[in-house]
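Student: fold the stuff below for me.
(2 chains)
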2 protein chains.
Amino acid sequence: MSSVIDLLKSHRSIRKYTDRAIDPDLFAELIVAGQSAATSSFLQGATIVRVTDKETRSAIAKLAGNQGWVEAAAEFMIFCADLKRAGNYCKEYGKSFEGDYTEHFMIATVDVALMAQSMVAAAESVGLGICYIGGIRNDPAQVSELLQLPRGVYPVFGLCLGYPDQDPEVKPRLPLSVVLKQEVYNEEGDREAIAAYDENIREYYRTRTGGGHGISWTEQVSSLLSEKARPHMKDFLATQGFKFR
Amino acid sequence: MSSVIDLLKSHRSIRKYTDRAIDPDLFAELIVAGQSAATSSFLQGATIVRVTDKETRSAIAKLAGNQGWVEAAAEFMIFCADLKRAGNYCKEYGKSFEGDYTEHFMIATVDVALMAQSMVAAAESVGLGICYIGGIRNDPAQVSELLQLPRGVYPVFGLCLGYPDQDPEVKPRLPLSVVLKQEVYNEEGDREAIAAYDENIREYYRTRTGGGHGISWTEQVSSLLSEKARPHMKDFLATQGFKFR
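Tutor: You can find the predicted model right below:
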């Protein structure tokens, strides 16, 4: 196989960084590598806001659920879905702006994720560690205010970047047979495969927490889907102009 | 920098493939590399349906807007956002399923994109070419029927994979200053930078179409945002259980 495949397979989130700065030229190259990812209909619907200000970092770390690594990482940035940049030109060309369909929301959001993940691969290839911060969506209105995000732009997630000062284990993923289906969606064999995987995950947490009760994958994710998940998102997105028409 | 950064920067979509098959072990490794990407709240909300059946490929190629490479590529797969797999266990643990919040839609969709882009980096590192197929969302209901997607699962995009039989140019991306903002969202200087970029893009299209009128980036994307974009998406997603609560 390739060393890139090995690199990707060894991904784990890093939450403890050394104080080594990232060379500005390298940082720029990482963004350019991110930009090179595919973009739907050539929209390029992603904007990155790089945050260095300590107070802003601290406020975001807090609202994201006290994630201290947001403050400590060499670089922290917010990846935003951006329909404003392109939308600006509708008026210019005498067209009406109709960019509030569900589809528009999707293409901008997917653009952001593709760009981020391409940047992450680039970063990890030069020995950097990363951590996505979905927790910024705990209070996306405050994040938008801090970053002065206009209508047409919303913060999808944050990303910490820095040289790792820890070496955590890779977290096992679902068996391939569960995730890859042939021809049609089919759950045959999944229940047994997931039961075995649940034991792996329990063991993974037991090892990490030094003998405590491990929680299984199905316990974790069923909780996630039995809770009101950030019920403010829909209204927040509407105020930013994403209306799910 | 690193060869991985150079690799990522050289991405372009490939729409013409040789008839060389992809080794099954390599194909599996690519999926595993994709799975290794970060996943929000450990949901692992992505399922891939690999399509080899000729009739299904042909039907999808057609509905995606006659994209012949969907039929011709060595591998074609549909990346689905999947809340069903985790949701199955809500009942099992005596919890109610509430997984129809906007946030749930977002985390599953972002999971899919991160996984796909990680797989794409892996694929390109071994000399494969790729093409995302957003066109499957032209008729997501038919795609879902062909793939027998149950409630809780929806098709986000397709992906062609194969050994390239063409060597297209890299398509220039927006200037870094336009995409990367410092501390706050700020459009200062963007208009001028985008005007210069528009000329690059005109030239890029002129070169490729042999002297025809090039279309600029702002012309393209303002059109995209002045049109009803796949207005069926919202209702389609609702039938699959994604309700934007």
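Student: got a list of what A:Ser222 touches?
Tutor: Counting by CB atoms under 8 Å, 6 or more residues apart in numbering or on different chains, A:Ser222 makes contact with B:86-87, B:89-90, B:92-93, B:95. In this view, the C-beta of every residue, glycine as well, is placed from N, C-alpha and C.
Student: rerun that using 6 Å as the cut-off
Tutor: When contacts are counted by CB atoms under 6 Å, 6 or more residues apart in numbering or on different chains, A:Ser222 touches B:89-90, B:93, B:95.
Student: near chain A too, which of those?
Tutor: B:89-90, B:93, B:95 (CB under 6 Å from any CB of the partner chain).
Student: which of those residues fall in helices?
Tutor: Residues of the ones next to chain A among the contacts of A:Ser222 located in helices (DSSP state H): B:89-90.
Student: and the gap between A:Ser10 and chain B?
Tutor: A:Ser10 sits 7 Å away from chain B, taking CB to the nearest CB, to the nearest Å as the criterion.
Student: and that residue, how many residues sit next to it?
Tutor: Residues contacting A:Ser10 under the criterion other CB atoms under 10 Å in any protein chain shown number 11.
Student: what strand or helix carries the closest residue in space to it that isn't next to it in sequence?
Tutor: Distances taken as CB to CB, 6 or more residues apart in numbering or on different chains place A:Val170 nearest to A:Ser10, at 6.0 Å, with adjacent residues excluded. Counting by DSSP states H and E, there is no helix or strand that carries A:Val170.
Student: do you know the pLDDT at A:Val170?
Tutor: At A:Val170, the model reports a pLDDT of 95.
Student: can you give me phi and psi for it?
Tutor: phi -70, psi 140 (degrees, to the nearest 10).
Student: pretty sure A:Cys160 sits in a helix.
Tutor: No - A:Cys160 is assigned strand when assessed by DSSP: H, G, I helix; E, B strand; the rest coil, not a helix.
Student: just to revisit the earlier point, in JSON lines, list the contacts of A:Ser222 along with neighbour count and pLDDT.
Tutor: Converted to JSON lines, these look like this (neighbours: other CB atoms under 10 Å in any protein chain shown; pLDDT from 0 to 100):
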{"residue": "B:Tyr89", "neighbour count": "23", "pLDDT": "97"}
{"residue": "B:Cys90", "neighbour count": "20", "pLDDT": "96"}
{"residue": "B:Tyr93", "neighbour count": "11", "pLDDT": "95"}
{"residue": "B:Lys95", "neighbour count": "15", "pLDDT": "96"}
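Student: tell me the first helix or strand C-terminal of the longest helix that chain A contains.
Tutor: For chain A, the longest helix by residue count, based on DSSP H, is helix A:102-125. Where DSSP H and E defines the elements, the next helix or strand beyond helix A:102-125 is strand A:129-133.
Student: what's in contact with the helix or strand following that next one?
Tutor: Next in sequence after strand A:129-133, counting helices and strands by DSSP H and E, comes helix A:140-146. Under the criterion CB under 6 Å, 6+ apart, residues A:56, A:63, A:136, A:155, A:236 lie in contact with helix A:140-146.
Student: tell me the mean pLDDT for stretch A:71-88?
Tutor: Computed over stretch A:71-88, the average pLDDT equals 98.
Student: next one: stretch A:222-233
Tutor: Mean predicted lDDT for stretch A:222-233 stands at 95.
Student: show which residues not belonging to the lowest-mean-pLDDT helix or strand in chain A make contact with it.
Tutor: Every helix and strand of chain A was ranked by mean pLDDT, DSSP states H and E. The lowest is helix A:190-209, at a mean of 93. For helix A:190-209, the surrounding residues in contact (CB under 6 Å, 6+ apart) are A:172, A:174-175, A:177-178, A:214-218.
Student: can you check stretch A:109-117 too?
Tutor: Here stretch A:109-117 has contacts from A:34, A:37-40, A:45-46, A:79, A:81, A:156, B:110, B:113-114, B:117-118, using CB under 6 Å, 6+ apart.
Student: can the contacts of A:Ser222 go into TSV with extra columns for distance to A:Ala141?
Tutor: Listed next are the contacts of A:Ser222 as TSV, based on distance: CB to CB, whole Å:
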residue	distance to A:Ala141
B:Tyr89	32
B:Cys90	29
B:Tyr93	33
B:Lys95	29
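Student: from B:Glu227, how far off is the residue located most distally from the centre of chain A?
Tutor: The C-alpha centroid of chain A is most remote from A:Gly94, which lies 35.6 Å away (CA atoms, centre = their mean). Going from A:Gly94 to B:Glu227 by CB to CB, to the nearest Å gives 14 Å.
Student: ditto for A:Glu219
Tutor: A:Glu219 is 45 Å from B:Glu227, by CB to CB.
Student: likewise A:Phe76?
Tutor: As judged by CB to CB, A:Phe76 and B:Glu227 stand 36 Å apart.
Student: might you list the low-confidence residue ranges for chain A?
Tutor: A:1, A:210-212 (pLDDT under 70).
Student: could you list the domains of it?
Tutor: A:3-169+A:228-239, A:176-214 (automatic domain parsing).
Student: show the end-to-end separation of the longest one, please.
Tutor: Translated: domain A:3-169+A:228-239. Taking CA to CA, to the nearest Å, domain A:3-169+A:228-239 runs 45 Å from one end to the other.
Student: and the last one, by the same measure?
Tutor: Between the opening and closing residues of domain A:176-214 lies a distance of 23 Å (CA to CA).
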